[in-house]
Each structure stands twice: as C-alpha cells, then as structure tokens.
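>>> Give me a 3D structure for the following:
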Amino acid sequence: MNRIVPLILAVALFMENMDSTVIATALPAIAHDLGVGPITLKLALTSYMVALAIFIPVSGWMADKFGAKQIFRAAMAVFIVGSVFCAMSSSLFEFVAARFLQGMGGAMMTPVGRLVLLRTTKREELVSAMALLTIPGLVGPLAGPPVGGFITTYFTWHWIFLINVPISVLGLILSTIFLPDIERLKTAPIDWSGFALTSLSAAGIVFGLSVISLPALPPVVGIGTAVLGVLCGALYIVHAKRHPAPLLDLTLFRKPAFRAAQIGGTAFRISAGAIPFLMPLMLQLGFGMSPFESGMTTFVGAIGAITTKFLARRVFAAAGFRSVLIIAGVCGAATTMLNAFFTPQTPHALLMFFLLLAGFCRSFFFTGTNALGYADIDNNEASQATSIASVLQQVSLALGVACAAFVLEISTMMTGGHLDLADFHAAFAIVALLSLAAVVPYIFMDKNAGADVSGHRRRLVATVAAAEVTPENVPAK
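Numbers count the residues shown, from 1 in each chain. Model (predicted):
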C-alpha cells in the first residue's frame, strides 16, 4: 500500500475534524473581542455544520466531474481562505460567514478524501488504509478542546485559525506531488432539484438539532427547521426514485454490507457525537476540573484510537467483519455505560484507563464499519457511497449532541435544580443504550460479508488448505 496517500488524507481530515471542535473552549474570548455573548457566538459552530450539510451531497458529483484530486486540493484552498478570514473577523457577521466558508472546504475534504482513498487502494489493503483515515475523526474532537484552551490561554484566539494555514499549504504541496491523478468519470447533468432537497434536508436537520442543543435561538426555531429537514428528506426519497440520475443514489442501500454499515455506523455515531459534549462538562461541572485538565484527561482516548492502526488488519483478517464489529460495538457501549458510574472519588488512573479502552473500542468499530461500507461498492458507485456516508455522519453527530443536551435538560427539569453529576450519569446511560443498537444490523449480517476486503476469506482458504495437507494425505515417495 502506498502509505503516503492515506497519510496526506489523514492529516487533512485531522485538521478539519479538530477545527470543528477547537473553537469550543475559545468561544468566551472570541465573543468578548467581537462584542457578543458566548451563546450568540455558537451560531458560528452551527454555520460550520450547516455548510457541511449543504455541500457534502454534491461533493461526489463534483469529484467525478472535475477529478477527485483537483476537488480535494480546491477544498483545502477554500479551507485556508476561510481560516484566514476567521482570524481577521471583527464582527459576528464576518465570523459566521468565515466559518461557513471554512465549512464549504471541509464539506469537500472529507468525502472526496475517502473517494481518493477508495480509488487508489487495493481491496485487500482497505482495512489498513481506513484505520489510518479513521483516527482523525476520533482524535480531532478529543484534541480540539485542550489545543484550543492552550492557544487561547497562552496566545490569542486568532492563532487557532492561523495555525491551519501552514499545515494546509503543506497539504496542498504534498497532495499535488503524491496524490495520483484519478480518471474523471462521465457524469449526467447535476440534479438541481435533488441538490435543493438534500441541502434543505441535511441543513435543516443539522441546524435544527444544533439550535435545540445549543440554545442561541428559541427552541421552536430548532424544532421547526428540523421538521422541515425531515420533510425535505422524505420528498427527496420520492424524487430519487423517479430521477434517472439522482444526486444521491439511494439504491445503494440494497447492497447488504453498505446498508448494515450505514445503519450501524449512524447509530454508533450518535454516541460518538454525544461523548465529546458530555464528558468535558461532567469533568468540569461534576468533578471540578479546569477546562485544560478535563481536555488532557479525555485526550487519553486518542491513544486508544491510534493503537487500532497497528492491529486492525490482522484482527479483521482473523475474525471477519461481523464478529469483530459485534464485539467492538458491545464493548464500546459498555465503556460508555461505565461513564455513568464515575465520581470524583474514582481513581484518576482507573478513569483514564477506561477512557483509553473506550477509544480503542470505538476506533475498531469505526475502522470496520468504514471499510465494510465500501466492500460491495463498485468503482463507479464510490462517489455516491462516500457522499451518502458523509451526510449520515454529520446528521448522526449532530443528533448525538442534541440527544445528550435533551436528556440533560429533561433531567434537570425533573429534579428542579441545576446540572449535577446524576444528570450526566443518566445521559451517559441512555447514550450507551442507543449505541448498543448499532450492533443489531451486524447480528443479521452474513458472517462472511466483506471477506474479500477484511482478508477473512483468504485466511479461511489458507487454513483449509493447511488442514488438507496432513501426513495421511501426503503421497509416499
């Protein structure tokens, strides 16, 4: 496997994933400089996610039409410009607009990066490549808060965005040199009606859920836009059945491996989206830690995620997707449930050990799910598959934060007081049960599904061949 390709893509995706969370700890400082309240400034977080939701669906079509390498490089350039504008912002409108521009670049980087990987990696090497590409999505949200807190404390918040510039420029240079030119595919004219419906659907759901969980606007606004998003999604399903070349081809869900991976991955990402929201709050409000202390505590999960890179290929080859995903899903739900029992009296080393184990389990699950999702996808379907997977990823992550915030809100209403440790315990328990549902699609999946990608079939063939070569079967000389 040409390791430089997934490494370049992983660095770019790490930057995009971390940037989406790094400003969380810097919001008070940014809000003070811009002359607005921190809650109002959370519109900047929402604008970024809305941009992702709008432009991810069209990313696959653009990659096929203009070339995946060219679109990936253009996305990095847009991300650079957006980062510079964020650092130069002097008003709320400028900052929200700059974050939206950043989101446009990020929307193209993630799915097109996966598409580049799919079209440059052999099937039997896909698990190892996906293991590397999965790390940014897990490490980024964990690294964001401590990095943002450190930069804001010892420098100024402007450097949160300016630090993206040299990294992105280096990424542009490396991608220009090392990423192969991928052949453009013949594409039908863009489905403008589908683009409008998918944009309204994904943006409405993400914006609505974000407003509900981060109350910068009245909750009724969030509920209304979320309902509008769901209705537009239903209309798109009807539209896609009638259109000869829909923007997102929903017939891919007829493929068993792709269907199981998207359903299971979406359910599990609800938990993944809730945990970076719940854990820092619990450690700060319930345990009395500082933002930097809580960030350094949760960052241990990144170490668990990184170790998956060195084990994933062998483990999936030995046991297959179905067995490993079921075990990883159950263990991931169990480690999430353990958070409901942590107290300030819990030994810090024990707490960090379970956070390390949780990162390990979640990384295994996402590595397997991401690779399995493309196991039965043809090359000409890859752009559609990456776009659909990325849309579901953004919606499920937003749903996770909204779900966690909703549980906390209901819990405090029932107790009639302010947030305390018991509220976070209830939220973690509910999120753990939801993540356990991610295992269900894999229980009913064929045990040899995706065997060509995992290497499980090759391992079975080798085992059978070795078993047949016994002393009794060896001809006498």
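
>>> and residue 228, how far is that from residue 219?
15 Å (C-beta to C-beta, to the nearest Å). Glycine gets a C-beta too; all of them are placed from N, C-alpha and C.

>>> And those two? Which one has more around it.
Comparing residue 228 with residue 219 by neighbour count (other C-beta atoms under 10 Å), the higher total belongs to residue 228, at 17 against 13.

>>> Show the average pLDDT along the longest helix along the chain.
Longest helix in the chain, counting residues (DSSP state H): helix 300-338. On average, the pLDDT along helix 300-338 is 88.

>>> Toward the C-terminus, what is the element adjacent to that helix?
Downstream of helix 300-338, the first helix or strand assigned by DSSP states H and E is helix 348-372.

>>> Going by neighbour count, which residues of that next one are buried?
Residues 351-352, 354-372 are the ones in helix 348-372 that count as buried (16 or more other C-beta atoms under 10 Å).

>>> Run the angle between the very next helix or strand once past that helix and helix 348-372 for me.
Tracing the chain past helix 348-372, the next element assigned as helix or strand by DSSP H and E is helix 382-415. Using axes from the mean of the first three to the mean of the last three C-alpha atoms, to 10 degrees, the inter-axis angle of helix 382-415 relative to helix 348-372 is 140 degrees.

>>> quick one: average confidence on helix 382-415?
82.

>>> Show me what it is packed against.
Of the remaining helices and strands, those touching helix 382-415 by 3 or more C-beta pairs under 8 Å, 6 or more residues apart in numbering; DSSP states H and E are helix 38-66, helix 92-120, helix 192-213, helix 256-281, helix 421-436.

>>> Identify each buried residue in the next helix or strand along the chain from the last one, please.
It refers to helix 421-436. Later in the chain than helix 421-436, the nearest helix or strand by DSSP H and E is helix 440-443. In terms of neighbour count (16+ other C-beta under 10 Å), helix 440-443 has its buried residues at 441-442.

>>> Keeping just the C-alphas, turn helix 440-443 into CSV.
Presented in CSV, the C-alpha positions along helix 440-443 are these (Å, rounded to 0.1, in the frame of the first residue of the first chain):
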residue,chain,number,x,y,z
VAL,A,440,-28.3,-5.2,15.6
PRO,A,441,-27.6,-4.8,11.8
TYR,A,442,-24.4,-6.9,12.2
ILE,A,443,-26.1,-9.7,14.1
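
>>> Let me see the mean pLDDT of it.
94.

>>> Which neighbouring elements make contact with the helix or strand just after that helix?
Using DSSP H and E, the helix or strand that follows helix 440-443 in sequence is helix 451-454. Here helix 451-454 touches helix 126-154, helix 300-338, helix 348-372, helix 456-468, going by 3+ C-beta pairs under 8 Å, 6+ apart.

>>> For these, give me CSV that also has distance to residue 383.
Formatted as CSV, these follow (distance: least, C-beta to C-beta, whole Å):
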stretch, distance to residue 383
helix 126-154, 16
helix 300-338, 23
helix 348-372, 16
helix 456-468, 27
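
>>> closest one to residue 442 among these?
Of all those, the one in closest proximity to residue 442, counting by C-beta to C-beta, is helix 300-338 (4.7 Å).

>>> Any buried residues in the closest one, and which?
In helix 300-338, counting by 16+ other C-beta under 10 Å, buried: 300-302, 304-309, 312-313, 315-317, 319-338.

>>> likewise stretch 421-434?
Those would be 423-432, 434, for stretch 421-434 by 16+ other C-beta under 10 Å.

>>> Can I get these in CSV including distance to residue 81?
Below are those laid out as CSV (distance: C-beta to C-beta, whole Å):
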residue, distance to residue 81
423, 41
424, 39
425, 44
426, 43
427, 38
428, 39
429, 44
430, 41
431, 37
432, 41
434, 38
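
>>> Could you dump those residues into TSV with pLDDT and distance to residue 154 added?
Shown next, in TSV, are these (pLDDT from 0 to 100; distance: C-beta to C-beta, whole Å):
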residue	pLDDT	distance to residue 154
423	87	33
424	89	29
425	91	34
426	89	36
427	89	32
428	92	32
429	92	37
430	91	38
431	90	33
432	92	36
434	87	38
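
>>> neighbours around the closest residue to residue 261 other than its chain neighbours, how many?
Distances taken as C-beta to C-beta, 6 or more residues apart in numbering place residue 373 nearest to residue 261, at 3.5 Å, with adjacent residues excluded. A total of 28 residues lie near residue 373 under the criterion other C-beta under 10 Å.

>>> can you check residue 185 too?
There are 16 residues near residue 185, going by other C-beta under 10 Å.

>>> shouldn't residue 41 be in contact with residue 31?
Yes. If you go by C-beta atoms under 8 Å, residue 41 and residue 31 touch, sitting 4.4 Å apart.

>>> need the contact list for residue 9.
Counting by C-beta atoms under 8 Å, 6 or more residues apart in numbering, residue 9 touches 113-114, 116-117, 133.

>>> If you could redo that for residue 289, that was the one I meant.
Listed by C-beta under 8 Å, 6+ apart, the contact partners of residue 289 are 283, 297.

>>> Using the three-state scheme, assign it.
Per DSSP: H, G, I helix; E, B strand; the rest coil, the secondary structure class of residue 289 is coil.

>>> How about the backbone phi and psi for it?
phi -80, psi 160 (degrees, to the nearest 10).

>>> And this protein, what are its domain boundaries?
Listed by automatic domain parsing, the domain ranges of the chain are 1-181, 191-246, 251-477.

>>> related to what we said a few turns ago, from the buried residues of stretch 421-434, which is closest to residue 149?
Using C-beta to C-beta, those come closest to residue 149 at residue 424, 20.3 Å.

>>> so the closest one touches residue 278, yeah?
Yes. Judged on C-beta under 8 Å, residue 424 makes contact with residue 278 at a distance of 6.1 Å.

>>> what do those two both touch?
When contacts are counted by C-beta under 8 Å, 6+ apart, residue 424 and residue 278 are jointly contacted by 339, 408.

>>> between residue 41 and residue 31, what contacts are shared?
What both residue 41 and residue 31 touch, as defined by C-beta under 8 Å, 6+ apart, is an empty set.

>>> burial of residue 413, as a residue count?
As a burial measure, residue 413 scores 9 neighbours (other C-beta under 10 Å).

>>> what separates it from residue 433, distance-wise?
21 Å.

>>> what does residue 233 give?
Using C-beta to C-beta, we find residue 233 at a distance of 25 Å from residue 433.

>>> on that earlier part again, just name whatever secondary elements the longest helix of the chain is in contact with.
Checked by 3+ C-beta pairs under 8 Å, 6+ apart, helix 300-338 has helix 126-154, helix 256-281, helix 348-372, helix 421-436, helix 440-443, helix 451-454, helix 456-468 packed alongside it.

>>> and residue 180, what helix or strand is that in?
Applying DSSP H and E, one finds residue 180 in no helix or strand.

>>> Tell me if I'm right that it and residue 117 touch.
No. Residue 180 is beyond contact range of residue 117, at 11.3 Å (criterion: C-beta under 8 Å).
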